[in-house]
Structures are given as C-alpha cells and as structure tokens.
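predicted structure and sequence below. I'll ask about it afterward.
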Amino acid sequence: MKQVFPFIALAFFATVPLWLQDQYYLHTLVVAGIFMLAAMSLNLLLGYTGQLSLGHVAFFGIGAYVSALTSLGFSLSIFGFQITHEPWPAFVGLILGALAAGLCGYLIGKLAFRVRGAYFVIVTISFAEVVRLVSLNWVELTNGPLALPGIPPLTLGFEWTGYVTLWGKAQNYYLVLVLIALAYLLIKRLVQSPYGRAMIALRENETLAVSVGISVTKYLVLAAIFSGALAGLAGGLYAHYIQIIDPMIFMFLNTVTMVIMVITGGKGTLAGPLVGGLIFGLAPVFLRNYVGPEVQWILYGVLMILVVFVLPEGIVPAIERWFNRAAKPKRKNGSAGGKMEQSGSSLAMASSGKVNS
Amino acid sequence: MDQLLQHLVNTIIMGGTYALLGIGLTLIFGIMRIVNFTHGELYAFGAYMMYFFATIIGMNFFVSIAFAIAAGMVLGAIIEFTLLRPKRGADIDTTMLIMIGAWIVMQNLEHLSWGGIAKSINSPLPDAPLVIGPVSVSWLRVMVLLIALVLIAATYIVINRTKIGKAMRATFQDSNTAALMGININAIYTMTFGFGSALAAAAGALLGPVFVVTPTMGDLASLKAFAIVILGGLGNITGAAIGGFILAFAEEIGAGYISSGYRDAMGFVIIIIVLLFKPTGLFARAERVG
C-alpha cells in the first residue's frame, strides 16, 4: 500500500487539468507546486540534517533573480567596466539560477560547519536579509522596488522535437508536476543511500556519527548544495511562470510558509513537505473568502505553535502510525520510526546543550 | 569633520536605545538560551502602547513611557508562562518554532488592530534643535538617550547588585541547585523573560516618538538585537551595551559614507563577520553565566 500510494497520487494529479476548468484554481495549484519544491528542498536540510535554515527564501529568490536576469539580459558598470549581457534562452536561466543558488548553498553549508543551532538560524536569516537589501538597492541590476517585468516563459524542446513555449497554466502545471516527481525520486534515492544515512546519523547524534568516521562538513555541505539548488530551481520556475519578480520575493513570510509546510507535513519524511505544501498552498484560496491576509497569517502562526505542542512529528508520521496500528493490531515494529524520532530529539537536545554551554 | 562629528552624535543617541534592545535580548537569548524572535514584536508593542497612552488617551509623556514598559513586561511574562513554560527543557528547535509562530501572530495582530498606516507620537519637548557648534540634535533625542542610560544603569544594578539579580544568575547557571537553595525558579524564568521584554518595550516606547510606529518595525529590531547580543557575547550585559553603540556607529557610517539603502544591512554584516571570526563575541565574559 505504501509503495503504490505515490503512484496513485501522481496519477490523480496528472488528471487534474483535464477536469479542473477554473484557471484560477489551476494557477493556485501551480504556485502551490512551486512552493512544494521549495519545501522539499528545505526538508532536506531541516528534516534530514537537522539544520533549520530560516533564510531559505534567499535561495529561492536568488534562483528567481538569476534566471530572470539571464533571460532578460542586463547592462551595468562596475568600477568603470561596462558589463552587458544579451538575453539567453529561459531554460538556460533556470539552470544557471539553480547553480547560483547551489553555490550559495555551498557557502551556507561551509558556514554551518562553524556555527550551529541558534547561530546557524541567525546567520541564515541575516544572509536572506542582506540579499533582500541588495536586491532592493542595486537598482541598476535588479530594478529595485520597481520589479523586473516581462520575464519570458520557459521554452522547452530540441531542434528535432520542435519547441514549446509554456504560456498556458496547464502546461506549467505538468512541468511542475514532473519536476516534483523527479525531485521526489532523487531525494528518495539520496536519503536511502549511504549519504542519506550519514546525514540522518549526524542529525540524531553528531558526536557518535563523527566518532564512527562520518565527515560533518562533507555531508552538511552536500545537503546544503542540493537543497539550495532545488530551492533555486523552484525560484526560477516561479519567475518564469509569474513573469514578474520584485524584492518582496525575499519576504520572511515566504520562508515561514516553507517551514510550516515541512513542520506540519512531517519533517524528515519524503511525503511530509508534499502533504504540507498541498494544505498550505491551497489554504489561502479557501481562507481568502472569509478572512483577510492578516488573519490568515495569525492562523498560520497559531497552527505552527499547535503543531509543535500537539503533533510535533507532523501529519505524515501520525497517519503512518495510525495506519500501521489499524493494519496490525498487535504491532511489533509499527512505530519504530516514531520511537526513533523521539529518542533522536532527546539526543539532539543533549548534544545541543553540550554544544551551547 | 563636522559631518563626522554629527555622525558620532547620532551614534551616541541611537546607541542608547540599541543598547536597551540588546540588553533585553541578552537576558533572554544569552542567559535563558531562548531564541526569542518575539523580541522585535515586543519593541513594536512598546511603541504602540506609547502611541495608545500618549496620543489616544492623552496621558503625560513620561507616565506613558512607564506604562508602555509595564505593558511590555506583562506581555513578556504572559508569553513565557503560556508558550515557553510547558516546553521548558525541550530542544532549541522546538522553542524556536514556537517563537516564530508567536512572532507571526503578534505582528499580524498589530497589523489587524492598528492598521498598516504609520502612526506618529507627539512629544512635549521643543521642536527647535539643540545646537552645539557644528552639531545639532533634537531635544527629544537627547531625552531618549538620557532615559535609555538611566534604564541601562538600573538593569546593571538589578542584575549585579540585588538579591533578585543574584537569584536570576544562580537559576540560569544551575537551576537544580538554585531550586535546592529555595529559589522559586519558575518565577525567576517568567520574571527574567518579562524583564527582557520590558527593556525591548522601553526601546520601542523611546524610539516611537523619534520615528513612526508601523506593524513591521519589529522585524529589523529583532535581527538587530541578535546582532548586538552576538557582538557583545551571549549574556554579557556590558558587552551588549557596547555592542549597541558599535552597531549604531556601523549604521551611521554605512548610511553616511556608503549608501543610506544599506543602513540596515550593517547589522547582518556584523553578525556574519563576528560569527565567522570570533563566535564568542568581542568581549570575553568576565564570568560564565550560561
């Protein structure tokens, strides 16, 4: 059952544009899907290596800006040198955006080796704020608060297949769906590989992991590069889909949205960010009929606190446990995952206490 | 030269309130080890309370400041009592997530109850600036500095010279032993958080009349406070005071000689540089408190 469920979900979502005629709802699903990709990338850091990156929106925004600027072209002068860039195809921009965000992930990962816990969180927030201020003030390059309009949509294809420009909502929907499926598979392979097990070992008990020869720098940096690149890819998709970006993309609330998707869905699970992403991607559509954006954020904040108090593992592990219990009345290792999670957090507490004092 | 002098004066004026903000957070983040993202919201809360008491109700300016500080203390105590006490001893990520949730809730409640339009608070002090040679500064800012300095001195005395301050330091050094010595550690936790929050509210109440009051004013204040605490060393009150002035100086120089758009970036640059090169802060602690 567990093995076929992703395929059922994929098949279901593949049919959505066939029967969902309302373009607005389709648009919401595309944006939700883009944020799901970002949440998956955050989950890799937060869920699997245990590093809470509260500057994740920086990767997203860097991917968006690099991709947009590559496909729009720009000209600026630095110390008297005139740099002019002619517009390149949009998908090249998408790849460059992901690479640039991955490079930033590398730097942040290197940093995580030096500072942990609360410090890491503050450094990542600071990083995102610096990037936001640069995007706001480097008007020559980013157009500042006036935004970058007219970003071309993605054009896919090869010479021998012909080219398709993704103007429509359904086309973008399928692109995002395929990318989510690919990212899911890739992360699944990664976390089930020796690399992933090493990352989880670091999360559970760093001292022990190091003592058996797991290199902290190597795995944290690897996770951060991959996470940054995936968030950058999501940002690039966002830029080419929405076709206009401004420094508001670096808003802290965007990071909060990703964090709440991961936490509610279940951090450190493959399906968690997808479930959380679906809930919080679609929630604004339903909430906006009744309440204003402030109340929506208040509800998100309250929910975040409630999840920590009531359902600290998130929805997916809770459902899994409930499902196992229903399937096997006399379970033996049904909740092994849950148990590990709990002992893990207490271990993490002990080690973080040690690191901090 | 005159310009530099003016920058230095501005530094001293702003540094006083930054120091208040930093000392408040160094009690909570440095000593209690709570990554307090609501600190900036308490700063904004203080400013809104100042607006409420001084402009809406029309109370005396100085009494309003005292009331705003008291309101901040009560709100801080409530946050500790309801959100943090049940999760005491939980890992740092758990409390961090709770505080992020509280941050979002508080900021949007402010938005909801006061609206997004900036509020200004009138001050009873003369509008004409105080001019000394080439430097001019408004009377309001001078008064803000004086009150901030009084509050900093009072905090220093409470923490270092009174019995309650001793109880605080003992609790966060070793809460079990402190409890065995008859200290009510639950009360101390709530009190310390309230104390730190009161200082944030004080900074807000003092800066509210200087600038304007907006719902998002707390975002940068939180992060600046973290910069000050990290700069001064965790839990180091003197360090936080000096850190506040250093941050104010960096911002003044950054705004004056680089670009005013990057004024707010200085705090973040300081955080990144200090954590990379001297993670213990610039001022090594005289005594271990954490």
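Good, I have the coordinates. Residues are numbered from 1 along each chain as shown, chains lettered A, B, ... in the order given.

residues from the stretch 101-250 of chain B in reach of chain A?
B:101-105, B:107-109, B:111-112, B:219, B:223, B:226-227, B:230 (CB under 8 Å from any CB of the partner chain). No exception for glycine: its C-beta is placed from N, CA and C like everyone else's.

one more pass at 7 Å, please.
With the criterion set to CB under 7 Å from any CB of the partner chain, the stretch 101-250 of chain B comes near chain A through B:101-102, B:104-105, B:108-109, B:111-112, B:219, B:223, B:226.

list the contacts of residue 251.
I'll assume chain A. Listed by CB atoms under 7 Å, 6 or more residues apart in numbering or on different chains, the contact partners of A:M251 are A:V57.

oops, wrong one, chain B.
With CB under 7 Å, 6+ apart, B:E251 has these contacts: B:263, B:266.

for it, give its distance to chain A.
Counting by CB to the nearest CB, to the nearest Å, the gap between B:E251 and chain A amounts to 12 Å.

so which strand or helix has that residue?
In this structure, B:E251 sits in helix B:237-253 according to DSSP states H and E.

do the same with A:Q82
Counting by DSSP H and E, A:Q82 is part of strand A:81-85.

can you point out the buried residues in the next helix or strand along the chain from that strand?
Using DSSP H and E, the helix or strand that follows strand A:81-85 in sequence is helix A:90-114. By neighbour count on 16 or more other CB atoms under 10 Å in any protein chain shown, the buried set for helix A:90-114 is A:90-91, A:93-106, A:108-109, A:111-112.

from the contact counts, what lies against helix A:90-114?
helix A:56-72, helix A:117-137, strand A:155-158, helix A:216-242 (3 or more CB pairs under 7 Å, 6 or more residues apart in numbering or on different chains; DSSP states H and E).

lowest average pLDDT across those?
Of all those, the minimum mean pLDDT falls on strand A:155-158 (a mean of 71).

okay, now the sheet partners of the next helix-or-strand element following it, with direction.
Going down the chain from strand A:155-158, the next helix or strand is strand A:162-165, by DSSP H and E. Here strand A:162-165 is paired, per DSSP bridges, with strand A:155-158 (antiparallel).

gap between the helix holding B:E251 and the chain center?
Centroid separation for helix B:237-253 versus its chain: 12 Å, with CA atoms, centre = their mean, to the nearest Å.

over to stretch B:103-112?
The answer for stretch B:103-112 is 18 Å, by CA atoms, centre = their mean.

now that stretch - C-alpha only, CSV.
This file holds the C-alpha atoms of stretch B:103-112, laid out as CSV (Å, rounded to 0.1, in the frame of the first residue of the first chain):
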residue,chain,number,x,y,z
TRP,B,103,6.2,36.4,16.1
ILE,B,104,3.9,35.9,13.1
VAL,B,105,0.8,36.1,15.3
MET,B,106,1.9,39.2,17.2
GLN,B,107,2.9,41.1,14.1
ASN,B,108,-0.3,40.4,12.3
LEU,B,109,-2.4,41.2,15.4
GLU,B,110,-0.7,44.6,15.4
HIS,B,111,-1.5,45.0,11.8
LEU,B,112,-5.1,44.0,12.4
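
what mean pLDDT does that stretch get?
On average, stretch B:103-112 scores 91.

ok, now stretch A:167-180?
Per-residue scores along stretch A:167-180 average to 85.

quick one: residues in contact with stretch B:93-111.
By CB under 7 Å, 6+ apart, stretch B:93-111 touches A:52, A:121, A:256, A:263, A:294, A:297-298, A:300-302, A:304-305, A:308, B:34-38, B:41, B:44, B:48, B:79, B:83-84, B:87, B:215-216, B:218.

could you pull out the buried residues of it?
Neighbour-count burial for stretch B:93-111, with 16+ other CB under 10 Å as criterion, is recorded at B:93-111.

filter those down to the ones in strands?
Judged by DSSP state E, those include no members of strands.

which of the residues you listed fall in helices?
B:93-111 (DSSP state H).

quick check: mean pLDDT of the helix holding B:E251?
The average pLDDT for helix B:237-253 rounds to 90.

ok, now stretch A:28-42?
92.

likewise for stretch A:280-291?
84.

what's the neighbour count on residue 118?
Chain wasn't specified; assuming chain A. Look at A:A118: counted by other CB atoms under 10 Å in any protein chain shown, it has 22 neighbours.

sorry, should have said chain B
Counted with other CB under 10 Å, B:A118 comes out at 13.

same question for B:I132.
Counted with other CB under 10 Å, B:I132 comes out at 10.

how far away is it from A:G33?
62 Å (CB to CB, to the nearest Å).

now swap in B:A54 and tell me
With the distance defined as CB to CB, B:A54 ends up 49 Å from A:G33.

hmm, back to that, could you give the angle of the strand holding A:Q82 to helix A:56-72?
80 degrees (axes from the mean of the first three to the mean of the last three CA atoms, to 10 degrees).

so, low pLDDT: which residues of chain B?
For chain B, applying pLDDT under 70 flags the ranges B:284-290.

what ranges does it have for its helices?
B:2-25, B:39-50, B:61-79, B:92-114, B:139-161, B:163-173, B:175-180, B:185-207, B:217-232, B:237-253, B:265-277.
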